[in-house]
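Q: here is a sequence together with a model predicted from it:
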Amino acid sequence: IVRMHHERLWYTPGDTSWDVSSSRPGVQVTYTPPSGAVVQAFSDASIRQSWPPQRLFPPAGREADEMLPGQAQDIELARLVTPFGVLVIERLSGRKDVHHPSGTRAWRNPTIEELQERSEHFKQLAKKKGCDVAARACAERLAQICAAWEANQGEEDDMDPSEQNKYFGMPGHWRVTTCSGRRFGRTLKVEEVAAEPGTATGSRTGSQRPSADADRVSKDVPSSHGTGSRPGSKIPSKDISSKEPSKDVPAEAEDDEDLESEPEPPEPPPSLQDILEAVLVDEGSNIEYELDPVPMLVQRDPHTGITSTSNEEGMLILAYPEEESNVCILPDGTRVSQTEDAEGTEVVVEKEGAARVSCHVKDKAYVPHSMVKVEIEDGATM
């Protein structure tokens with residue numbers, strides 16, 4: 001199937017004309033081999049592959065831990081390879097896993113609200129007539145994942161997360177592990193609304209309600225004209241007559257004593273940035289906090305010179321010094337190889353049962369160019 005790629009915005013919104021030499025609409029190609037997989041090539045040269053969900057559900061392992069995002073029951077719905085060889089895996093829960101050819105990986109667990117919304121979407125999809133038979137199975141599996149995720153996060157405090165929660169990935173936060181072993185988290189900076197003068201702690205912005213003490217003090221403080229009062233003013237009662245300024249003490253001193261007796265405003269609670277000891281990045285739009293480095297094992301073969309690096313997250317990186325290439329083997333068996341030459345870089349992403357995607361980025365050539373080649377299991381090539 002070949003059609004125009006309408007989802008990609010190739011013009012500036014509001015324009016009535018454009019220059020075809022600078023921008024033009026692209027096409028989207030969809031191919032389905034006999035295995036039932038769907039291979040899509042988009043106009044930006046990214047390749048997306050998806051499989052029928054009913055054949056991906058594991059038969060066993062439905063414990064609560066296996067139902068969490070990123071675990072065995074959170075199956076892979078689709079994977080996308082960018083023109084530069086970055087692999088993005090989309091899971092049933094909405095979790096995103098990003099793998100770079102260098103071995104750096106990142107993932108983002110969904111929030112409970114996002115997971116509930118996604119579960120409701122599949123429930124409505126399962127009620128439609130003529131829907132995919134896998135929609136009902138996905139809805140049931142998502143309900144179990146949502147219940148397990150809510151139970152897991154029910155013991156966590158958003159403003160005081162545990163170390164285990166930070167290592168697993170806080171909801172809505174990106175968790176990054178670099179090829180060198182550094183681990184850190186990143187999320188959007190939460191803007192704090194400062195309280196306006198006269199508002200109480202916890203009140204809405206702009207809602208000013210004078211308290212009874214403020215009314216009483218305003219009635220007790222004499223006017224700046226000295227003795228006497230304005231017409232219609234109330235006569236102070238006996239209980240507050242002692243508040244009147246003494247003849248021996250100046251009125252200015254009485255005012256100073258009243259100001260000193262007022263309680264100091266409470267200190268604002270610490271922000272998430274303070275709790276995580278995070279720093280501002282990306283021009284202040286995001287915060288980044290450090291985690292303990294991942295335990296790694298580095299070995300070098302004295303005969304071949306190949307250096308193997310493995311860590312506790314299941315990543316294996318093989319570095320070939322003579323060919324200036326490295327191979328990353330992911331926990332699910334995906335193989336990502338990167339080779340550099342005089343003209344650029346070649347990245348190959350392959351896995352059993354999936355199409356083989358080769359990204360040729362010739363950014364160092366005399367005429368820089370790039371090409372993406374897709375080799376499908378039935379022999380077709382794009």
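A: That came in fine, so what should we check first? Residues are numbered from 1 along each chain as shown.

Q: this protein: helices as residue ranges?
A: 112-127, 134-154, 163-168, 212-220, 251-261, 272-276 (DSSP state H).

Q: single out the most deeply packed of those.
A: helix 134-154 (a mean of 18; mean count of other Cβ atoms under 10 Å). (C-beta placed from N, C-alpha, C; glycine too.)

Q: would you mind checking the average pLDDT for it?
A: Helix 134-154 shows an average pLDDT of 86 in the prediction.

Q: distance to residue 77 added to the helices of the chain, as CSV?
A: What follows is the helices of the chain, written out as CSV (distance: least, Cβ to Cβ, whole Å):
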stretch, distance to residue 77
helix 112-127, 11
helix 134-154, 9
helix 163-168, 21
helix 212-220, 59
helix 251-261, 64
helix 272-276, 31
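
Q: of all the ones you listed, which one comes closest to residue 340?
A: Ranking the helices of the chain by proximity to residue 340 (Cβ to Cβ) places helix 163-168 first, at 32.6 Å.

Q: just checking, what packs against the closest one?
A: Judged by 3 or more Cβ pairs under 8 Å, 6 or more residues apart in numbering; DSSP states H and E, helix 163-168 is in contact with strand 174-177, strand 286-291.

Q: compare those and give me the one nearest residue 300.
A: Nearest to residue 300, of those and by Cβ to Cβ, is strand 174-177 at 21.6 Å.

Q: list the helices and strands the closest one packs on?
A: So strand 174-177, by 3+ Cβ pairs under 8 Å, 6+ apart, packs with strand 105-108, helix 163-168, strand 183-188.

Q: strand partners (parallel or antiparallel) of that strand?
A: Using DSSP bridges, the strands paired with strand 174-177 are strand 105-108 (antiparallel), strand 183-188 (antiparallel).

Q: just name the most buried of the ones you listed.
A: strand 105-108 (a mean of 21).

Q: remind me which residues of the chain are low pLDDT?
A: Applying pLDDT under 70 to the chain flags the ranges 54-64, 130-132, 191-261.

Q: what's the closest of the helices of the chain to residue 364?
A: The nearest among these, by Cβ to Cβ, is helix 163-168 at 38.5 Å.

Q: what residues does the closest one touch?
A: 68, 109, 153, 156, 175, 183, 185, 276, 289, 291 (Cβ atoms under 8 Å, 6 or more residues apart in numbering).

Q: against residue 104, how distant is residue 323?
A: Remark: distance between residue 323 and residue 104 (Cβ to Cβ, to the nearest Å) = 21 Å.

Q: who has more neighbours out of the two?
A: Neighbour totals were compared for residue 323 and residue 104, and residue 104 leads with 17 against 10 (other Cβ atoms under 10 Å).

Q: I'd say that one and residue 179 touch.
A: Yes: between residue 104 and residue 179 there is a contact under Cβ atoms under 8 Å: 5.2 Å.

Q: quick check: residue 344 vs residue 369, distance?
A: On the measure of Cβ to Cβ, residue 344 and residue 369 end up 9 Å apart.

Q: hang on, the earlier thing: how about the helices and strands packed on strand 174-177 in TSV, adding distance to residue 74?
A: Below are the helices and strands packed on strand 174-177 laid out as TSV (distance: least, Cβ to Cβ, whole Å):
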stretch	distance to residue 74
strand 105-108	11
helix 163-168	13
strand 183-188	20
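
Q: for residue 262, find the nearest of these.
A: strand 183-188 (37.6 Å).

Q: send me the closest one as PDB with only the CA atoms.
A: What follows is strand 183-188 as a C-alpha-only set of coordinates in PDB (Å, rounded to 0.1, in the frame of the first residue of the first chain):
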ATOM      1  CA  ARG A 183      22.900   6.300  35.200                       C
ATOM      2  CA  PHE A 184      20.600   9.300  35.700                       C
ATOM      3  CA  GLY A 185      17.000  10.400  35.500                       C
ATOM      4  CA  ARG A 186      15.400  13.300  33.700                       C
ATOM      5  CA  THR A 187      12.000  14.800  33.700                       C
ATOM      6  CA  LEU A 188      10.200  18.100  33.100                       C
END
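
Q: that one vs strand 286-291, what angle?
A: Using axes from the mean of the first three to the mean of the last three Cα atoms, to 10 degrees, the direction of strand 183-188 lies 160 degrees away from that of strand 286-291.

Q: wait, which of the helices of the chain is closest to residue 31?
A: Of all the helices of the chain, helix 134-154 comes closest under Cβ to Cβ, at 20.3 Å.

Q: which helices and strands does that closest one pack with?
A: Short answer (3+ Cβ pairs under 8 Å, 6+ apart): helix 134-154 packs on helix 112-127.

Q: and the helix it packs on, C-alpha only, in CSV?
A: C-alpha atoms of helix 112-127 as CSV (Å, rounded to 0.1, in the frame of the first residue of the first chain):
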residue,chain,number,x,y,z
ILE,A,112,-0.9,5.9,36.3
GLU,A,113,-3.2,8.4,34.6
GLU,A,114,-1.7,7.6,31.2
LEU,A,115,-2.0,3.8,31.8
GLN,A,116,-5.6,4.2,32.8
GLU,A,117,-6.4,6.3,29.8
ARG,A,118,-4.7,3.7,27.5
SER,A,119,-6.6,0.8,29.2
GLU,A,120,-9.9,2.7,28.6
HIS,A,121,-9.0,3.2,25.0
PHE,A,122,-8.5,-0.5,24.4
LYS,A,123,-11.8,-1.3,26.3
GLN,A,124,-13.7,1.0,23.9
LEU,A,125,-11.9,-0.5,21.0
ALA,A,126,-12.9,-4.0,22.0
LYS,A,127,-16.6,-3.0,22.0
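
Q: residues in contact with residue 381?
A: Counting by Cβ under 8 Å, 6+ apart, residue 381 has contacts 373, 374, 375.

Q: neighbour-wise, which of the residues you listed leads?
A: Among the contacts of residue 381, residue 374 has more neighbours than the rest - 19 neighbours, counting by other Cβ under 10 Å.
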